[in-house]
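K.L.:
give me a 3D structure for the following:
(chains A and B)
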Amino acid sequence: MTRVYLDYSAASPLLPEVREAMMPFLGMDFGNPLSLHDWGDAPREVLETARQQVAALIGVSDPEEIIFTSCGSESNNFAIKGLALAQQNKGKHIIISAIEHFSVMNSAKSLEKQGFEITQVPVDKNGRVDPENVRKALRSDTILVSVMHANGEVGTIQPLKEISEITKERKLILHTDAVATCGVTPVDVKDLGVDALSLAGNPFYGPKGSAALWVRKGVRILPMLDGGIQEGGRRAGTEDVAAIAGMGKAAEIAARDLTARVAHLSPLRDRLIEEITARIPHVVVTGDRIKRLPGHASFCVEFIEGEAMLMLLNSQGVAVSSGSSCTSRALKASHVLLAMGYSHEIAQGSLLFTLGIQNKPADIEHVISVMPQIVNRLREMSPVYSKFLKANKGGQLNAGIQ
Amino acid sequence: MPVYSDKVMDHFMHPRNVGEIENADGVGEVGNPVCGDMMTFYVKVKDNRLEDVKYKTFGCGAAIAVSSMVSEMAKGATIEEAREITPESVAKMLEGLPKQKFHCSNLGAQALNKAIDDYLLKSGKLLSNANKCCQFCDHEESENDPLCTQGCSVEQKSS
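P.N.:
Numbers count the residues shown, from 1 in each chain, chains lettered A, B, ... in the order given. Next up, the predicted model:
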């Protein structure tokens, strides 16, 4: 059977070179980077090499500003809580967007219980934050703004540069969750104008369990993991040297191949979006069509539910994700789609294809050949679809439920 | 370990008795888009027996498998036998449902019961029924809120 993996945002495979770079540290170079004897040398060196490789990927000139963490969620927790708690003498108001990842959203909620106030800036139908809405949300006691660089569910890239012009005027700290963009699309902290940035290794084919937080020198952050002097005393705990070595190598390769990756992925994404919408009526493309992650195609298919589509696609060898409430363990529809103004009913039909460098044009052709039958099959058994057909009997079909 | 049992997968991949019955003797509709699953059951009754049972389902794999299993259990059964179909017995026949799916997707028995109520009401064998819109929130069905968004919002907040 043809097998097509289109769920790279859930997990990406390691590049062979990355695995190779990790192997010594899973074998004979097992030493602790803090050790003063010879066993500490190779781990210590690879840590600093990786720090430079990651810094270079995001245009950071001082590698010391990179703090290694264990996952994107840790980086986001560290950023939101660590930055807010370090500035709380200046105020207790934080601004985030309404479509942040749960690691930002729930970190902010946890601060709310400690007396902070959170404003969620809305997004438009394309999932874009209007910088003017950030300005309107500002208060005299605002200390931190956090807006993600791109949303992993709908692919929209945010106008961070414009947002940073507003935060700079007010000398506020701007953090961005760039887990979806780092190593995937060009990221330069100076261009973006941010003060702190979260990234993770897996989206650019590094290992899971590798991630980092960049904090510009001079910006105060409170450690979340107290203990030893690792990571300049900002994040205690013996480093996962193999994972960090792998992320470093992956960052180096990503910086080298970034343009080629974007050039490879964008046409595949465009073909997928064009063909799905052309072959299947009543499909909404979610997220911005232009300012969008290169390998990201997301839809809401009307009248049917995402998990059922996901399972039928799986039976045809295709791996995808969905944001429907049935798919989520919490049994709630995607907060991202709801914030963008989609109804619960439409949001239930969410389907997400995330492409990676291993995908080939034939993969996309396979998906677009099997999708229409899958959608038809589920629509034929959908009470919502039969109601829709009855309501439109003899008349012209609507563009869709809005 | 796969998320769904072989039996669930079989009913999901090959659902039995899908469709609508024209001039059905009873129709029962449950669920709402907030919860994510909606089912409509149709019954044809002859001599106190469910001569035919069909359904349409909007929902996840579990919801589709549940509908299919309920239709199979109910078809040919007497009304009294069909009344004994419960979410528990459906889950058992499906060799189990994932824990988080048991409540939200296991609406088939309820939809079938509503279709039977509808038949009994129409044929004058039942005078009134105070239908709840779904068995997992206590809100009564109301014309102003046919999808029970109110009820399940409460449910969601409390969870």
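
K.L.:
looking at the stretch 151-300 of chain A, which residue is nearest chain B?
P.N.:
Minimum separation of the stretch 151-300 of chain A from chain B (Cβ to the nearest Cβ) falls at A:Cys300, amounting to 12.1 Å. Bear in mind the C-beta positions are built from the backbone N, C-alpha and C, glycine included.

K.L.:
which parts of chain B sit against chain A?
P.N.:
B:12-13, B:15, B:18-20, B:29, B:33-40, B:56-64, B:100-101, B:104-105, B:149, B:156 (Cβ under 8 Å from any Cβ of the partner chain).

K.L.:
ok, of these, which come out buried?
P.N.:
When the residues of chain B next to chain A are checked for burial by 16 or more other Cβ atoms under 10 Å in any protein chain shown, the buried set is B:12, B:15, B:18, B:29, B:33-40, B:56-64, B:101, B:104-105, B:149, B:156.

K.L.:
just for chain B, where's the confidence low?
P.N.:
B:1, B:104, B:127-159 (pLDDT under 70).

K.L.:
ditto for the stretch 1-150 of chain A
P.N.:
Across the stretch 1-150 of chain A, nothing is flagged by pLDDT under 70.

K.L.:
can you show me the helices along it?
P.N.:
A:16-26, A:41-57, A:72-87, A:102-112, A:131-137 (DSSP state H, counting those that start in this stretch).

K.L.:
who's in contact with the first one?
P.N.:
The list of residues contacting helix A:16-26 from outside it, by Cβ atoms under 8 Å, 6 or more residues apart in numbering or on different chains, reads A:14, A:42-43, A:46, A:205-207, A:241-243, A:245-246, A:248-250, A:253.

K.L.:
and B:Glu51, which of the three is it?
P.N.:
strand (DSSP: H, G, I helix; E, B strand; the rest coil).

K.L.:
sec struct for the residue nearest to it when sequence neighbours are not counted, please.
P.N.:
Once flanking residues are discounted, B:Glu51 sits nearest to B:Lys44: 4.8 Å by Cβ to Cβ, 6 or more residues apart in numbering or on different chains. Here B:Lys44 is recorded as strand under three-state DSSP.

K.L.:
so B:Lys44 is in contact with B:Leu50, correct?
P.N.:
Yes. With contacts counted by Cβ atoms under 8 Å, B:Lys44 reaches B:Leu50, the gap being 7.2 Å.

K.L.:
mind listing what B:Ala91 touches?
P.N.:
B:97, B:102, B:106.

K.L.:
ignoring the adjacent residues along the chain, who's closest to the last one?
P.N.:
If I follow you right, that is B:Asn106. Nearest non-adjacent residue to B:Asn106 (Cβ to Cβ, 6+ apart): B:Pro87, at 4.2 Å.

K.L.:
for chain A, see how far away that neighbour is.
P.N.:
B:Pro87 sits 16 Å away from chain A, going by Cβ to the nearest Cβ, to the nearest Å.

K.L.:
tally up the residues packed near that residue, please.
P.N.:
When counting by other Cβ atoms under 10 Å in any protein chain shown, one arrives at 20 neighbours for B:Pro87.

K.L.:
just the strands from the stretch 251-400 of chain A, written as ranges.
P.N.:
Counting by DSSP state E, counting those that start in this stretch, the stretch 251-400 of chain A has strands at residues A:283-285, A:296-301, A:318-319, A:350-354.
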